[in-house]
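[1] next comes the sequence, and after it the predicted model I'd like to discuss.
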Amino acid sequence: MRRAEPLLALAAAAAMVVAALAAPWLKFVLTIALAKGMAALGIMLLLRAGQVSFGHALYVSFGAYTVAFLAPTLRDSLLLLPVAAAMATALGLVVGLFVSRYRQIFFGMLNLALSMVFFSLLEKLYHITHGTDGIRVALPTMLGQALERTSFEWAIFGVALALALLFGWFARAYLDAPMGQALAGIKTRETRLEFMGVPARHVLLSAYVLSALMAGCGGAIIAMTTRHVTPLLAYWTASGELVFIAILGGAGGVIGPFLGAVTYELVRVYAAAILAEAWQAILGTVLLLVILFAPGGLWGMLAALFRRRRAA
Amino acid sequence: MTALLEARGLRLAFGGVRAADGIDLDVMQGEFLAIIGPNGAGKTTFINMATGYLRPQAGSIAYEGRPITGLSPRAIVRRGIARSFQLPQLFTEHTVLENAALAVAAREGIWSPLAPLLRPRWREEAAALLGSFGLAALADIRADALNEGARKLADIAMAVALRPRLLLMDEPTSGVAAAEKMGIVETLVRVLREARVTAVFVEHDMEVVERFADRVAVWSQGRIAALGPPARVLADPAVQREVIGIEKAGAPPVPAAGEGGHA
């Protein structure tokens, strides 16, 4: 299954392009799913170390608001994206230096607390952030070209897809490399790392900064796709959503978070259309079933199916 | 012979319990030094102080002539002192090979984000190390599936992978089945001699001490009660009364005289 990952990822990417061609409204849903998948991939890295962040909406919203604030001056999406990524990474480094000292519930709650501080800043500083009204993002250009709306949506969908593949490839190599393996060592035997001369805190910090980068890019893409940012992007439910997606998709492989994100967004769209009142109950039930019967998430289920077919 | 590790006047008390009450000890270059003594005598505390896990309240430790008192475990490992644990500290969700390779990576440089841990050179070194500990057949199973003896060896192998010049082992044979014990120690001694590692080990089995230690230090209530070649020290009636009578359950009772036993 591991060896099939790159091929599967490319096939899934192709399938998404076909789906977006067949049903134009899906393009929007899939772009958002890819953006959330990136953020969930960062969550998954931290899960490898046994740490759950309930505050990564901080980086998503930070990336999104960076785009919203700078869109009038920078204008081009391929300038806005790296600037937002750099800003989120820098914030991740500053916050990470602090939170990487903590583990378990303290790690989770500190992340939550910091994201809620940012949420209330976004909400209260009306003259800067326009409070709950949020900020509209003008249609950015792409490589200096002013595109009309549909073309721009295609372009940003392509950017999201390329970035998702890039992050997926990088995370896969990272998890196999000494740094990623030491990250998993934090979960089982952190003291041993220290007695081998490895600073466990820095191992966790590097994964944390990486996760902030991924979430920041996700936020930038969300801002350029929805073209409207509000403080809700930083609310704790948005952070919970990312953890939900990571667990739904499964932490066993880098495709998991994206699989989780696409499933989540599609269930949300369909369930909201069919059962407007009960879609959250449906999502809750899906998560409950996954936790109880498929602890490896959707990716774990697929991998098991694949193994069984090979064995047969 | 020169002293590799010099401990002077180490003191550390936990509440009213004096775990180290003026420890002076020179560990000589190339020797195998056994530490024996009843439970609670402060043997593990000494290892914890020498490896930076505990900071002595008084006294100093020097390694290769330079002070290391109060340094962090990480800083001390980098100077060439490694340790193994009474309860093996393995990465339980990794395979035995990955555990060993992680130790190799810790020595060679953990900070590469893209090249895999099991790159050919590290995989070979880790496999060779496991082979020398007789663990080759277990390389690909998860560490939490090992039996106690193999866990102990894997734990020590990880410390050896760091290429220390001094290795401190806390009860390398405790929890190991009696039938396996001598084989494990023989393997261990052979590997350490080949790598020219100086070793300090806490041991409860007097047969192991007699066969493999160059010197033995007897710990008692946070002090060193006796120090010297095993043949002489273990023959000392006071040592026999204090330690061996307790260690060798079932041994002929030594007539008790004067003070009572230890808690």
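    Ah, there it is.
[2] please enumerate the helices of the chain.
    Using chain A. A:5-22, A:24-48, A:57-74, A:77-99, A:104-124, A:126-129, A:149-176, A:178-195, A:200-226, A:236-249, A:256-274, A:279-293, A:297-311 (DSSP state H).
[3] switch to chain B, please.
    B:43-50, B:73-79, B:96-108, B:120-132, B:148-161, B:178-194, B:206-212, B:230-235, B:237-239, B:245-247.
[4] run the chain-centre distance for the third one.
    Yep, that's helix B:96-108 we're talking about. Computed by C-alpha atoms, centre = their mean, to the nearest Å, the chain-centroid distance of helix B:96-108 equals 19 Å.
[5] now stretch A:223-237
    13 Å.
[6] how about the residues of chain A near chain B?
    A:170, A:173-174, A:176-182, A:184-185, A:187-189, A:191-199, A:203, A:206 (C-beta under 8 Å from any C-beta of the partner chain). (C-beta placed from N, C-alpha, C; glycine too.)
[7] filter these down to the buried ones, ChimeraX style.
    Per 16 or more other C-beta atoms under 10 Å in any protein chain shown, the buried members of the residues of chain A next to chain B correspond to this ChimeraX selection:
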select /A:170,173,174,176,177,178,179,180,181,182,184,185,187,188,189,192,193,194,195,196,197,198,203,206
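[8] point out where chain A drops to low pLDDT.
    A:1, A:312 (pLDDT under 70).
[9] try 80
    Counting by pLDDT under 80, chain A contains low-confidence ranges at A:1-3, A:272, A:275-280, A:309-312.
[10] quick one: the residue located most distally from the centre of chain B from chain A, how far?
    Outermost residue of chain B with respect to the C-alpha centroid, by C-alpha atoms, centre = their mean, is residue B:114; its distance is 34.5 Å. As judged by C-beta to the nearest C-beta, to the nearest Å, residue B:114 and chain A stand 5 Å apart.
[11] what sits against the nearest residue to that residue once chain neighbours are set aside?
    Leaving aside its sequence neighbours, residue B:114 sits nearest to residue A:173 (C-beta to C-beta, 6 or more residues apart in numbering or on different chains; 4.6 Å). Residues in contact with residue A:173 (C-beta atoms under 8 Å, 6 or more residues apart in numbering or on different chains) are B:113-114, B:116.
[12] just residue A:162 next, same as before
    Per C-beta under 8 Å, 6+ apart, neighbours of residue A:162: none.
[13] I'd like the distance between it and residue A:268.
    For residue A:162, the distance to residue A:268 (C-beta to C-beta, to the nearest Å) stands at 24 Å.
[14] ok, now residue A:295?
    Per C-beta to C-beta, residue A:295 is found 23 Å from residue A:268.
[15] ok, now residue A:171?
    Applying C-beta to C-beta, the value for residue A:171 to residue A:268 is 24 Å.
[16] more neighbours: which of these two?
    Relative neighbour count places residue A:171 above the other of residue A:171 and residue A:268, with 25 against 18, counting by other C-beta atoms under 10 Å in any protein chain shown.
[17] quick check: that one touching residue A:41?
    Yes: counting by C-beta atoms under 8 Å, residue A:41 is a contact partner of residue A:171 at 5.7 Å.
[18] now for those two: what residues contact both?
    residue A:254.
[19] list the buried residues in stretch B:156-175.
    B:156-162, B:164-173.
[20] same question, stretch A:221-230
    A:221-227, A:229-230.
[21] what of stretch B:4-20?
    Here stretch B:4-20 shows B:4-8, B:10-12, B:18-20 as buried, counting by 16+ other C-beta under 10 Å.
[22] make CSV out of those and add distance to chain A and pLDDT.
    Shown next, in CSV, are those (distance: C-beta to the nearest C-beta, whole Å; pLDDT from 0 to 100):
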residue, distance to chain A, pLDDT
B:4, 19, 93
B:5, 17, 94
B:6, 22, 94
B:7, 19, 93
B:8, 24, 93
B:10, 20, 92
B:11, 24, 92
B:12, 19, 92
B:18, 25, 87
B:19, 19, 87
B:20, 20, 86
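[23] list the contacts of the residue nearest to residue B:11 when sequence neighbours are not counted.
    The shortest distance from residue B:11 to any non-neighbouring residue, by C-beta to C-beta, 6+ apart, is to residue B:58 (4.2 Å). Neighbour list for residue B:58: B:9-11 [criterion: C-beta under 8 Å, 6+ apart].
[24] is residue B:56 in contact with residue B:11, as I believe?
    Yes: Residue B:56 is within contact range of residue B:11, at 6.2 Å (criterion: C-beta under 8 Å).
[25] on that earlier part again, chain A next: which of the buried residues of stretch B:156-175 are close?
    With C-beta under 8 Å from any C-beta as the criterion, the buried residues of stretch B:156-175 include B:158, B:162 near chain A.
[26] one step back: so which of the helices of chain B is nearest residue B:85?
    helix B:148-161 (5.9 Å; C-beta to C-beta).
[27] ok, now which ones touch the closest residue to residue A:80 other than its chain neighbours?
    Nearest non-adjacent residue to residue A:80, counting by C-beta to C-beta, 6+ apart: residue A:67, 4.9 Å away. Residue A:67 sits next to A:80-81, A:84, A:137, A:219-220, A:223-224, A:229 when contact means C-beta under 8 Å, 6+ apart.
[28] repeat the analysis, applying 10 Å as the threshold.
    Residues near residue A:67 by C-beta atoms under 10 Å, 6 or more residues apart in numbering or on different chains: A:74, A:77, A:80-81, A:83-84, A:87, A:135, A:137, A:140, A:216, A:219-224, A:227, A:229.
[29] what does residue B:155 give?
    A:192, B:83-90, B:99, B:143, B:146, B:169-170, B:172.
[30] equivalent analysis for residue A:143, please.
    Residue A:143 touches A:76-79, A:155, counting by C-beta under 10 Å, 6+ apart.
[31] any idea how far the residue nearest to residue B:101 when sequence neighbours are not counted is from chain A?
    Leaving aside its sequence neighbours, residue B:101 sits nearest to residue B:126 (C-beta to C-beta, 6+ apart; 4.1 Å). Using C-beta to the nearest C-beta, residue B:126 is found at 12 Å from chain A.
[32] re the thing from before, give me the common contacts of residue B:56 and residue B:11.
    B:19-20, B:23, B:49.
[33] switch those residues over to a markdown table; also include distance to residue B:236.
    Compiled in a markdown table, these are given as follows (distance: C-beta to C-beta, whole Å):
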| residue | distance to residue B:236 |
| --- | --- |
| B:19 | 24 |
| B:20 | 22 |
| B:23 | 19 |
| B:49 | 26 |
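[34] done for today, thanks.
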